[in-house]
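Enquirer: A predicted structure for the sequence below; I have some questions about it.
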Amino acid sequence: MKAHQSRQHPAEWEESVPLRPQTARDLPAGRHQFHKERLMAHIEQDRQDQGVTAAGRARPKGRGLRLRPAFTLPVAALALAGAVIAGTVMNGPGGGPGALATGPVLTTRLGSATTGDVPQLLDRVSLVAAEGARSAVGPGQYIYIESQSSNTFVKTVGDKSSLASYALHRRQIWRSADGTKGWLIDPAVNDSPRGETLSLPDEKGNPFEASLNGPSYDYLAGLTTDPDALLAKIYKETAGQGNTPDQQAFTTIGDLLGESYPPAALYPALFKAAARIPGVVVVDDAQDAIGRPGVAVARLDETSGIREEWIFDKNTHVFLGVRTVQVEQVTEEGVVIEPGVVRFTSAVTARAIVDGMKQTPGHGG
């Protein structure tokens, strides 16, 4: 496939690279199942309001970031979330997830995992992160992140269930520095190709409250850059989430790498903190959503049998994207998922500071 050159912007990060045309894939059971970002923000707010403790895998990503399931949620919120998830299968061709094409199951060769090179690789990644120029977000400006993503899911038609993968598709998100204003264009989420607002307070008056699972740039700018203190905060604030504390800490950091804009001082600290998490490995052969080869920093969730991989360019050590890969056979909804199935994959293709909502690097709004 022939790549198309994307336009650069002074504030754009190094991972901004040519985009490729759409191919095929979807959202993973563990990473993306709650399709409505604003709805999930409401659910998270309900959870906080009712004092419910998170007990499952909470993907970042009501934060405008990607969400992963399994909070212990209020009953009403669960019912609403279920209606939305069901709606992703039922939506028609007019727009929304039902309009996305599905194709063969996305698979990959499982790269070998080793522990010996973890400190050295993360040290190199940290140095690259520290050396990269990163502008602060000014008044009235927005963080723009563009990616290509896909995932695999259990598709049920009538009484027959099977694995399918959504088409690889473009996702664009804008966020103000304080997190109160935003816009999302993602065919796996939106009912309209124009996208939808992420701005808060919403029509119900729910305010935006930044957290590690829903950060704003201003929130990230206030975090400690000491790796030990940062990791301690991550463990404390994500207690009870995910399948294990270590896996949740790793996933939380991965979320911040994929779809946020960590300030210059914090960015390398995230990698140094990750190096302190038990069970982190290096995968020698990984590939992001648009086919860029790399090396991955990864961790296996022993409960789900899914390995989360942060992919970096082998030569420059620039962050390329993330993916989750099934490495142990499991059965979900009566469907066997074999090792090598890619549950979720995302390649960051642009990350920049722009001067207006819906403006892209090199273009006006």
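Expert: Happy to help now that I have it. All values derive from a computational prediction rather than experimental measurement. Residues are numbered from 1 along each chain as shown.

Enquirer: Please enumerate the strands of the stretch 151-300 of the chain.
Expert: 160-166, 169-176, 182-185, 196-197, 280-287, 293-301 (DSSP state E, counting those that start in this stretch).

Enquirer: between the ones you listed, which gets nearest to residue 352?
Expert: Set against residue 352 and scored by Cβ to Cβ, these come closest in strand 169-176, at 10.3 Å. Every residue, glycine included, has its C-beta placed from N, CA and C.

Enquirer: ok, and for the closest one, which residues are buried?
Expert: When burial is assessed from 16 or more other Cβ atoms under 10 Å, strand 169-176 yields the following buried residues: 169, 171, 172, 173, 174, 175, 176.

Enquirer: quick revisit: I'd like the strands of the stretch 151-300 of the chain written out as TSV, with distance to residue 270 and mean pLDDT added.
Expert: Shown next, in TSV, are those (distance: least, Cβ to Cβ, whole Å; pLDDT from 0 to 100):
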stretch	distance to residue 270	mean pLDDT
strand 160-166	29	93
strand 169-176	18	96
strand 182-185	22	96
strand 196-197	29	94
strand 280-287	13	95
strand 293-301	11	97
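
Enquirer: For residue 217, which of these is the nearest?
Expert: strand 169-176 (7.2 Å).

Enquirer: what are the pairing partners of the closest one, and which direction each?
Expert: Sheet pairing for strand 169-176, assigned by DSSP bridges, gives strand 142-157 (antiparallel), strand 182-185 (antiparallel).

Enquirer: Can you lay out these as TSV showing distance to residue 163 and mean neighbour count?
Expert: Formatted as TSV, those follow (distance: least, Cβ to Cβ, whole Å; neighbours: other Cβ atoms under 10 Å):
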stretch	distance to residue 163	mean neighbour count
strand 142-157	6	22
strand 182-185	27	20
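
Enquirer: for stretch 348-364, which positions count as buried?
Expert: 348, 349, 350, 351, 352, 353, 354, 357, 358, 359, 360, 361.

Enquirer: one step back: please produce TSV containing the strands of the stretch 151-300 of the chain, extended by distance to residue 145.
Expert: Supplementary listing: those in TSV, determined by distance: least, Cβ to Cβ, whole Å:
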stretch	distance to residue 145
strand 160-166	19
strand 169-176	5
strand 182-185	10
strand 196-197	16
strand 280-287	20
strand 293-301	19
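
Enquirer: What ranges does the stretch 51-200 of the chain have for its helices?
Expert: 75-90, 118-131 (DSSP state H, counting those that start in this stretch).

Enquirer: and stretch 250-270, how far from the chain's centre?
Expert: 11 Å (Cα atoms, centre = their mean, to the nearest Å).

Enquirer: Would you mind writing the CA trace of that stretch as CSV?
Expert: Output in CSV follows, covering the C-alpha atoms of stretch 250-270 (Å, rounded to 0.1, in the frame of the first residue of the first chain):
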residue,chain,number,x,y,z
PHE,A,250,1.2,-1.0,33.4
THR,A,251,-2.0,-0.4,31.5
THR,A,252,-2.5,3.0,33.1
ILE,A,253,0.9,4.2,32.0
GLY,A,254,0.2,2.7,28.5
ASP,A,255,-3.0,4.7,28.3
LEU,A,256,-1.1,7.9,29.0
LEU,A,257,1.4,7.1,26.3
GLY,A,258,-1.2,6.4,23.7
GLU,A,259,-3.8,9.2,23.9
SER,A,260,-2.6,12.1,26.0
TYR,A,261,0.1,14.7,25.9
PRO,A,262,2.4,14.2,28.8
PRO,A,263,4.5,17.4,29.5
ALA,A,264,8.2,17.2,28.7
ALA,A,265,9.3,16.5,32.3
LEU,A,266,6.7,13.8,32.9
TYR,A,267,7.1,11.8,29.7
PRO,A,268,10.5,10.2,30.5
ALA,A,269,9.4,9.6,34.1
LEU,A,270,6.5,7.4,32.9
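
Enquirer: What are the buried residues along that stretch?
Expert: For stretch 250-270, burial by neighbour count (16+ other Cβ under 10 Å) applies to 250-264, 266-270.

Enquirer: Which members of those residues are positioned in helices?
Expert: Mapping these onto helices (DSSP state H) picks out 250-258, 266-270.

Enquirer: In terms of model confidence, name the weakest of the residues you listed.
Expert: pLDDT is lowest at residue 258 among those; the value there is 88.

Enquirer: My guess is that residue contacts residue 347. True?
Expert: No - Residue 258 lies out of contact with residue 347 (Cβ atoms under 8 Å); the separation is 9.8 Å.

Enquirer: between the two, what contacts are shared?
Expert: 147, 321 (Cβ atoms under 8 Å, 6 or more residues apart in numbering).

Enquirer: re the thing from before, tabulate the buried residues of strand 169-176 (TSV), appending distance to residue 125.
Expert: What follows is the buried residues of strand 169-176, written out as TSV (distance: Cβ to Cβ, whole Å):
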residue	distance to residue 125
169	28
171	24
172	26
173	24
174	27
175	24
176	28
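
Enquirer: of the residues you listed, closest to residue 310?
Expert: Nearest member of the buried residues of strand 169-176 to residue 310, counting by Cβ to Cβ, is residue 171, at 17.7 Å.

Enquirer: how near is the closest one to residue 104?
Expert: 21 Å (Cβ to Cβ, to the nearest Å).

Enquirer: where does this protein have low pLDDT?
Expert: Residues of the chain meeting the criterion pLDDT under 70: 1-99, 364-365.

Enquirer: re the thing from before, would you mind telling me which of the strands of the stretch 151-300 of the chain is nearest residue 117?
Expert: Across these, closest to residue 117 is strand 280-287 (Cβ to Cβ), at 4.5 Å.

Enquirer: Report all helices and strands that that closest one contacts.
Expert: The contact analysis (3 or more Cβ pairs under 8 Å, 6 or more residues apart in numbering; DSSP states H and E) places strand 280-287 against strand 113-114, helix 118-131, strand 293-301, strand 306-312.
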